[in-house]
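Q: How does the following fold in three dimensions:
(3 chains)
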Amino acid sequence: MAEDEFEEDRQSVSERLAAEALIVDVDGFEGPLDVLLTLSRTQKVDLRKISVLQLARQYLAFVEKAKALRLELAADYLVMAAWLAFLKSRLLLPPDPSEEGPSGEELAAHLAFQLERLQAMRDVAARLMARDRLGRDFFARGIPEDVTRVRKVRFTATLLDLMQGYARIRTRDEFRPYAMDRDAVWTMEQALERMRGLIGFAGQWTDIASYVPEGWDSDPARRRSSLASTFAASLELVKEGRVELRQAETFAPIELRRRD
Amino acid sequence: MSEDIDKEEENDRDTLFDSPPIAEQERMVEAILFASAEPVTVQELNARMPFGSDAAEALVHLRKRYEGRGVRVVKVGDAWAIRTAPDLGFLMQKETVETRKLSRAAIETLAIIAYHQPVTRAEIEEIRGVSVSRGTVDQLLEMEWIRFGRRKMTPGRPVTFVVTQGFLDHFGLESARDLPGLKDLRAAGLLESRPPPALMPRAGEGEDVDEEEASEGQSELFED
Amino acid sequence: MSEDIDKEEENDRDTLFDSPPIAEQERMVEAILFASAEPVTVQELNARMPFGSDAAEALVHLRKRYEGRGVRVVKVGDAWAIRTAPDLGFLMQKETVETRKLSRAAIETLAIIAYHQPVTRAEIEEIRGVSVSRGTVDQLLEMEWIRFGRRKMTPGRPVTFVVTQGFLDHFGLESARDLPGLKDLRAAGLLESRPPPALMPRAGEGEDVDEEEASEGQSELFED
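A: Model (predicted):
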């Protein structure tokens, strides 16, 4: 066939191109496996029948050439070269029964499998990309009608809501004015009022904590509030010139005494 | 006219260059109309189709083919497009149901109707202490939780409201009589015996004032 | 109350007997598929159609109706879409969207994911013999042609990649089983993940995957 006549010629051209590529453009290859796959094509055989030994030799020659040209070879290329040199020696020497690990043939078979698998993936990738494709060969709806979302509100209530609502009406508490919950708040006004009545008896230095009202020292929130307001009220009384304050050292109790 | 002459010349050429069969042209128009992002004019269809095609004729066939189907070939200005059949518009809507809690005013009104049915609007207002807005009653009617009962045999023959079977179903009650009584409410701690604040506005006193609004604003404040 | 009960009975009857006739359901499916640019699942079709509809059955009819037409009803994974017939692509230059050209690395990575899914990054690197750049995976993820699959139950629990419905749609595939040449590849043992013998140099320093179990998912995906 005419095609066969040209086969030889074409191959030599592609071979030449491949050889050139190998020499000048190591970066163009996607790693050692890619180089090996390219090299294997020069063997012009089915990848299943490839001579791994020959391939190893070709690869080692490629690495040598790259070195001669002072091309920087990535570490993977050198690792592969070292491994192929090792594989070559295993393939060439008669098997040593005392040696551990897989035989040279097993290693070679796996390499051949890897190459065949990579080639297969490249072939199907090409077939995939050649398929009729959406947006190029066939098309989706040009004027999609979006689904409009209709929000429907469904009101609900529980029996408890109902009972609470009714209870609220029956107790008429719905007009209770809004007020902060002051259960745990002792205001300064309250403290001042309380202290005004008590300081008359403070002839001696007295810890201001003793002016905190009864029942306000157990709960932390109440203690904090009452202590703060008692202290603020004390300052107010100092300002009025009715008492004096002292504190022995930082964090020591603050004491108060009537001023005569 | 020169146009007609052109057309005739075209037709002559048709026979020479084998314009596609009309069924094929119909397929083409169908695909173009489907995929185009905008309605397409006959002129543009012809320009895109193989030489000698007659998009106008293909459109007639295509249009007939889609008669009564889920989509139709429609004319938009002087261009053509495929559109969903109008009666199927509802399929292009997705309903999302959002559950929301009934407002305090509605719950209270509902509770009064349930506990006091049949009850007139004036009576509801008397019990709630504020006027009842139309919206609240309408909402409850729409939810089919209340309905109109018999008219009261009192002057003006006012309508009354009663709760529905739907209401009983929703709240898991067999009848309105199964609603917990005041005693039960108190036992459950739902009734506090707090004295009513002084100066409680009473219903009827300020009917002009939109008390409903005022109380609604307040309930918003209290709602958690 | 008797009125309400009547109504309920009516509703019951609705759901029992009043699902739309199949011809009507076909129209509905037609309208929904025409309206959407994205494939629609049977589940979603049923959700949008009146209660009692059987979108799957309607689809069988609809698909047949569009055989040989300018647009086709196609299956995409577990969803359905209307797409123009591929032989009419030549009419659509106007609609053609220039897709970003994929690098060779991206194309190969995509093919490996499609044929070996679910597949880990380490497995892709093992097959390609080079490490997979982040950008390549990111690009495919961004195009929504691949997505993360289940984590492998191997040490390190590495993530896997699988192809998406968008991938199937783009390449006109009904399912991943219809990938070209899949059977041949499997018969040739090229989809098996053979553990490399010790001492074999490996690409990249990807995750430490237990290669023995690496291909377990593949059979799951493609076997019926």
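Q: Which parts of the stretch 51-200 of chain A are helices?
A: Secondary structure of the stretch 51-200 of chain A by DSSP state H, counting those that start in this stretch: the helices cover A:52-68, A:75-92, A:104-129, A:159-171, A:188-198.
Q: closest one to chain C among those helices?
A: Among the helices of the stretch 51-200 of chain A, the nearest to chain C by Cβ to the nearest Cβ is helix A:104-129 (3.6 Å). Quick note: C-beta positions are derived from backbone N, CA and C, even for glycine.
Q: That closest one vs helix A:75-92, what angle?
A: Angle, helix A:104-129 to helix A:75-92, by axes from the mean of the first three to the mean of the last three Cα atoms, to 10 degrees: 130 degrees.
Q: wait, does helix A:104-129 make contact with chain C?
A: Yes. Shown here: helix A:104-129 in contact with chain C (Cβ under 8 Å from any Cβ of the partner chain) through A:106-107, A:110-111, A:113-114, A:116-118, A:120-125, A:127-129.
Q: Please list only the buried members of those.
A: By neighbour count, with 16 or more other Cβ atoms under 10 Å in any protein chain shown, those hold A:107, A:110-111, A:113-114, A:116-118, A:120-122, A:124-125, A:128 as buried.
Q: closest to B:Ile146 among the residues you listed?
A: A:Leu128 (64.8 Å; Cβ to Cβ).
Q: I figured the closest one hits C:Phe171, correct?
A: Yes. At 6.2 Å, A:Leu128 counts as touching C:Phe171 under the criterion of Cβ atoms under 8 Å.
Q: Would you mind measuring from B:Pro50 to C:Phe90?
A: According to Cβ to Cβ, to the nearest Å, B:Pro50 stands 9 Å off from C:Phe90.
Q: Mind checking which of these two has more residues around it?
A: Between B:Pro50 and C:Phe90, counting by other Cβ atoms under 10 Å in any protein chain shown, B:Pro50 is the more crowded of the two (15 against 10).
Q: For the residue nearest to the more buried one when sequence neighbours are not counted, grab phi and psi.
A: Excluding its sequence neighbours, the residue lying closest to B:Pro50 (Cβ to Cβ, 6 or more residues apart in numbering or on different chains) is B:Pro20, at 5.6 Å. Backbone torsions for B:Pro20, taken as degrees, to the nearest 10, come to phi -60, psi 150.
Q: quick one, what contacts B:Pro20?
A: Contacts for B:Pro20 (Cβ atoms under 8 Å, 6 or more residues apart in numbering or on different chains) come out as B:Met28, B:Met49, B:Pro50, B:Gly52, B:Ser53.
Q: any idea how far it is from A:Ala140?
A: Distance of B:Pro20 to A:Ala140, given as Cβ to Cβ: 24 Å.
Q: would you list every one of the helices in chain B?
A: For chain B, the helices defined by DSSP state H cover B:2-17, B:22-35, B:42-48, B:55-65, B:104-116, B:121-128, B:134-142, B:165-170, B:182-187, B:211-222.
Q: looking at the ones you listed, which is closest to chain C?
A: Taking Cβ to the nearest Cβ, helix B:22-35 is the member of the helices of chain B nearest to chain C, at 3.2 Å.
Q: In the closest one, which residues are buried?
A: For helix B:22-35, a neighbour-count test (16+ other Cβ under 10 Å) marks B:Glu24, B:Gln25, B:Glu26, B:Arg27, B:Met28, B:Val29, B:Glu30, B:Ala31, B:Ile32, B:Leu33, B:Phe34, B:Ala35 as buried.
Q: What is the burial count for A:Leu36?
A: 25.
Q: is the host helix or strand of it anywhere near chain C?
A: According to DSSP states H and E, A:Leu36 maps onto helix A:32-41. Yes. Helix A:32-41 reaches chain C (Cβ under 8 Å from any Cβ) through A:Pro32, A:Leu33, A:Asp34.
Q: so how far is B:Arg83 from the closest residue to A:Ser103 other than its chain neighbours?
A: Residue nearest to A:Ser103 in three dimensions, not counting chain neighbours: A:Pro95, with 6.0 Å by Cβ to Cβ, 6+ apart. Using Cβ to Cβ, one gets 77 Å for the distance from A:Pro95 to B:Arg83.
Q: Pick out whichever of the two has more residues nearby.
A: Using other Cβ under 10 Å, the more surrounded residue of A:Pro95 and B:Arg83 is B:Arg83, with 18 against 11.
Q: contacting residues for the nearest residue to the more buried one once chain neighbours are set aside?
A: Once flanking residues are discounted, B:Arg83 sits nearest to B:Val74: 5.0 Å by Cβ to Cβ, 6+ apart. Applying Cβ under 8 Å, 6+ apart to B:Val74 gives the contacts B:Trp80, B:Ala81, B:Ile82, B:Arg83.
Q: of the residues you listed, closest to chain A?
A: B:Ala81 (6.7 Å).
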